[in-house]
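Participant: Curious how this folds, go ahead:
(one chain, ligands or ions: 1)
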Amino acid sequence: MKIVIDPGHAGRNVDPGAVNPGTGLQEADVALAVSRFLEAELTRAGHEVKLTRMEWEQPETDDLAYRTLLANDWGADLFVSLHCNSAASPSAKGYEVWTSPGDTEGDILATCIYAQIAMDFPDRAGRADYSDGDPDKESRFYVLVHTEAPACLVEMAFISNDEEAALLADARWQSRQAGAIARGIAEYANLKGGKQ
Ligand SMILES: [Zn+2]
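Facilitator: Got it, this is the predicted structure:
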């Protein structure tokens with residue numbers, strides 16, 4: 001498959017995303033680091049992969065249309081956006097997977113990824129919304145609405161929570177997180193008939 005990985009935010013001085021107030025860890029940096037691990041996993045599995053942002057700071061990616069056009073022009077089969085969550089309460093924690101509203105292919109992809117994260121990280125809090133029968137949350141995030149391929153957005157953990165920020169900063173954890181997402185994508189590919 002042709003898979004687009006979308007590391008959230010343009011990075012550093014343009015848009016670091018959420019920042020941990022204690023350590024200064026930036027969401028954009030974590031998103032790119034995990035994206036690189038995910039790129040390696042997916043490439044090894046035989047997929048073609050593109051990242052919407054390749055640099056720690058890349059100003060043109062601040063325009064979200066740049067990201068969705070890249071995916072649409074390439075004819076991507078899947079689009080996975082990676083972010084870190086943040087909340088005013090420093091105790092907020094856990095992971096979420098988001099899709100655009102309604103019953104879409106993205107829901108199936110999101111369910112596969114959510115299930116794999118839950119399996120690989122049984123000690124972590126899954127923040128699910130089962131009101132429509134699946135665990136993903138739904139919102140009209142720009143990149144989810146404007147991408148033609150099945151798309152989902154993973155909020156990997158809360159960067160505003162010191163315990164989770166320590167995980168997000170850890171390269172081994174980043175690699176494990178990428179592995180879980182890659183296995184979720186593999187599960188989705190199996191459901192779709194083993195299409196590479
Ligand atoms: Zn974000």
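
Participant: can you tell me the residue of this protein closest to the ion?
Facilitator: As assessed by CB to the ion, the ion sits closest to His83 within the chain, at 3.5 Å. C-beta coordinates here come from the backbone N, C-alpha and C atoms, glycine included.

Participant: Check which helices and strands the helix or strand encompassing Leu42 sits against.
Facilitator: Assessed by DSSP states H and E, Leu42 sits inside helix 27-44. Judged by 3 or more CB pairs under 8 Å, 6 or more residues apart in numbering; DSSP states H and E, helix 27-44 is in contact with strand 2-7, strand 48-51, strand 78-85, helix 171-191.

Participant: Can you get me a residue count around the residue lying closest to Thr43 once chain neighbours are set aside?
Facilitator: Closest residue to Thr43 apart from its sequence neighbours, by CB to CB, 6 or more residues apart in numbering: Val49 at 5.5 Å. Neighbourhood size, Val49 [other CB atoms under 10 Å]: 19.

Participant: Repeat that for Arg12.
Facilitator: By the measure other CB under 10 Å, the count of residues near Arg12 is 15.

Participant: Need the phi and psi values for the residue located most distally from the centre of the chain.
Facilitator: Within the chain, Gly22 marks the point farthest from the mean C-alpha position, 23.8 Å out by CA atoms, centre = their mean. Note on Gly22: its backbone torsions stand at phi -80, psi -50 [degrees, to the nearest 10].

Participant: Who are the contact partners of the closest residue to it other than its chain neighbours?
Facilitator: Nearest residue to Gly22 in three dimensions, chain neighbours excluded: Asp162, at 6.1 Å (CB to CB, 6+ apart). Taking CB atoms under 8 Å, 6 or more residues apart in numbering as the contact definition, Asp162 lies against 20, 22-23, 90.

Participant: cool, Asn85 as well?
Facilitator: 18, 92, 94-96, 155-160.

Participant: Which residues does it form beta bridges with?
Facilitator: Phe158 (DSSP bridges).

Participant: follow-up on the earlier one: got a winner among the contacts of Asn85 for most neighbours?
Facilitator: Met156 leads these on contacts (other CB under 10 Å) with 30 neighbours.

Participant: wait, what's in contact with it?
Facilitator: Met156 neighbours (CB under 8 Å, 6+ apart): 30, 34, 82-85, 95, 168, 177.
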